[in-house]
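this is a predicted model, with the sequence first.
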Amino acid sequence: MKKIVNIFIILGIMIISATALAFPKDENGYKEFYFGEDVNDILSKYEVISVKNNDDGSVVYTIEYEDNSLEQYDILAAPDIQLEFKDGKLCSINRFFAAASPEYAALSFVKLANGINKSFGETHTIDGSKEDKIAYYTWRGEHSTVVLLVDLNPLDVPDSDIKLYRIFCTISPTK
C-alpha cells in the first residue's frame with residue numbers, strides 16, 4: 001500500500017513539474033520571446049503563416065512554432081503561435097492547445113493551471129460561464145499576466161467528423 005501511495009506522489013510531482021516547465025517563472029515573456037523585442041528580430045527566425053492588422057494599430061503574426069514540451073503529458077499544443085506587436089514591439093503571446101473531448105479538455109486545463117500556479121502563484125481571477133461552457137483563470141505576476149481559457153464547446157472544423165475542444169493561453173506584460 002505504501003509503495004502505491006509513493007508511486008502516485010512521484011507521478012503527481014512529475015506532472016506538476018512538467019507543466020511548470022511550459023510556463024517559466026514570471027519572466028518578461030514566454031520561452032524565447034520577450035516583451036518589447038523588435039518584430040524584425042523575431043520574424044527573421046520563424047516562418048510566418050498569416051498576418052492580421054487590428055483596429056488598434058497592433059499587428060498579429062501567426063508563425064510556425066513546434067513546442068513538444070507537454071506532449072508526453074498528453075497536452076497537445078498547436079504547431080503555431082500568435083505574436084502581437086504594437087509599434088513594432090512584442091506586446092502579447094497567444095498559444096492554443098487542443099483536446100479530443102470535453103473531459104480531456106478540462107483535465108488538460110487543470111494540468112496547465114497547476115503548472116502556472118507553480119510558476120506564478122495562486123490564481124488572481126477565476127471566472128466563466130456555465131451557460132457558454134467557458135472558464136478562465138488569470139494570474140498576475142510582477143512582469144507578466146497569464147490568462148488561461150477552456151471552451152467546452154466543440155470547435156467548428158470544416159469537413160471533419162472529429163470534435164476538438166480549445167484551450168487558449170495569452171501572456172502579456174503586467175500593467
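Now that the structure is in, tell me what you want to look at.

correct me if wrong: Tyr165 contacts Glu103.
No. Assessed by Cβ atoms under 8 Å, Tyr165 is found out of contact with Glu103, at 9.2 Å. No exception for glycine: its C-beta is placed from N, CA and C like everyone else's.

of those two, who's got more company?
Set Tyr165 next to Glu103 and count neighbours by other Cβ atoms under 10 Å: Tyr165 wins out with 23 against 11.

beta-bridge partners for that one, please?
Ala99 (DSSP bridges).

now do the same for it: its pLDDT.
Tyr165 carries a pLDDT value of 82.

what are the boundaries of the helices in this protein?
Counting by DSSP state H, the chain has helices at residues 2-22, 39-43, 102-120.

flag the shaky bits of this structure, pLDDT-wise.
Low-confidence segments of the chain (pLDDT under 70): 1-27, 68-74, 157, 159-160.

run the last query once more with 90
1-32, 66-79, 97-136, 139-145, 150-168, 174-175 (pLDDT under 90).

can you pull out the strands in it?
Per DSSP state E, the chain carries strands over the ranges 29-30, 33-34, 48-53, 59-64, 76-77, 80-86, 89-99, 125-129, 134-140, 144-151, 165-173.

could you dump those strands into TSV with distance to Lys118 added?
Formatted as TSV, those follow (distance: least, Cβ to Cβ, whole Å):
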stretch	distance to Lys118
strand 29-30	16
strand 33-34	21
strand 48-53	31
strand 59-64	27
strand 76-77	18
strand 80-86	22
strand 89-99	17
strand 125-129	17
strand 134-140	11
strand 144-151	12
strand 165-173	15
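
so which of these is nearest Phe109?
Distance to Phe109, taken as Cβ to Cβ, is lowest for strand 144-151 among those, at 4.0 Å.

give me the buried positions along the closest one.
By 16 or more other Cβ atoms under 10 Å, the buried positions in strand 144-151 come out as 144-151.

what lines up beside that strand in the sheet?
Checking strand 144-151 against DSSP bridges gives partners strand 134-140 (antiparallel), strand 165-173 (antiparallel).

only C-alpha atoms, please: export that strand in CSV.
The C-alpha trace of strand 144-151 is given here as CSV (Å, rounded to 0.1, in the frame of the first residue of the first chain):
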residue,chain,number,x,y,z
SER,A,144,3.7,39.0,-17.0
THR,A,145,0.0,38.3,-16.8
VAL,A,146,-1.3,34.9,-18.0
VAL,A,147,-4.9,34.2,-19.0
LEU,A,148,-5.9,30.5,-19.5
LEU,A,149,-9.3,29.8,-21.0
VAL,A,150,-11.0,26.5,-21.7
ASP,A,151,-14.0,26.3,-24.1
